[in-house]
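**Q** quick one: sequence and predicted model below, then my questions.
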Amino acid sequence: NSIHVFVTDDDQTIIEQFEQFFQLNYQDEILKKSGSDEAALLIEFPELSMFDLSLAENLLENPEETIEAANLALETFDTTENTLNARFKNLPSSSHLPIRETRSRHLNKFHQFQGIIKQKNDVKPQLVAATFECPRCQTHQVIKQTEKKLKKPRKCGECGWKGSFNLVEKDLQDVQKMVL
């Protein structure tokens, strides 16, 4: 069985940059957290910007892809069964934004907000990726899930199969809605 995760050359470069950054700045903390129940590695934004300014700017401009690359870099460390997630703090003042000034141009950018939580929902699982198996050649394909409806592969990347695929694994993430 082989698994196909589609990673571009740019993504691979960002992952490698984060691997170097973690080895230089957070290796001891990563190893310490691997034996605990903690799931988050808090990363100081100023440290990241001193290490590589373009990587830090990429985080602010393309947070979803950059945080995913950081998480993939964390997976390269031997952390037994505990999966660490990258969390960033102390963002630059340019990324601080009052909630009332949020506009469409701020969507998909990394911003820091401050407020009082007035209401929150229960934590619920949300599907973020699904792994499918081709019934013909048993190749696995990981499909990122961004909609409520399950997105399935259209065609096998190995053998070209266009029929239905078997769902073999779901990658879930805890989400919670809050009103500030």
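**A** Okay, I see it.

**Q** isn't residue 125 right next to residue 176, touching?
**A** No - with contact defined as C-beta atoms under 8 Å, residue 125 does not count as touching residue 176 (10.8 Å). Using the backbone N, CA and C atoms, a C-beta is placed for each residue, glycine as well.

**Q** residues near the residue nearest to residue 26 when sequence neighbours are not counted, how many?
**A** The spatially closest residue to residue 26, leaving aside those adjacent along the chain, is residue 41, at 6.4 Å (C-beta to C-beta, 6 or more residues apart in numbering). The local packing count at residue 41 equals 20, with neighbours defined by other C-beta atoms under 10 Å.

**Q** tell me which residues in the helix or strand where residue 41 lies are buried?
**A** Here residue 41, judged by DSSP states H and E, is contained in strand 40-44. Of the residues in strand 40-44, those scored as buried under the neighbour-count criterion (16 or more other C-beta atoms under 10 Å) are 41, 43.

**Q** how much distance is there from that strand to the middle of the chain?
**A** From the chain centre to the centre of strand 40-44 is a distance of 13 Å (C-alpha atoms, centre = their mean, to the nearest Å).
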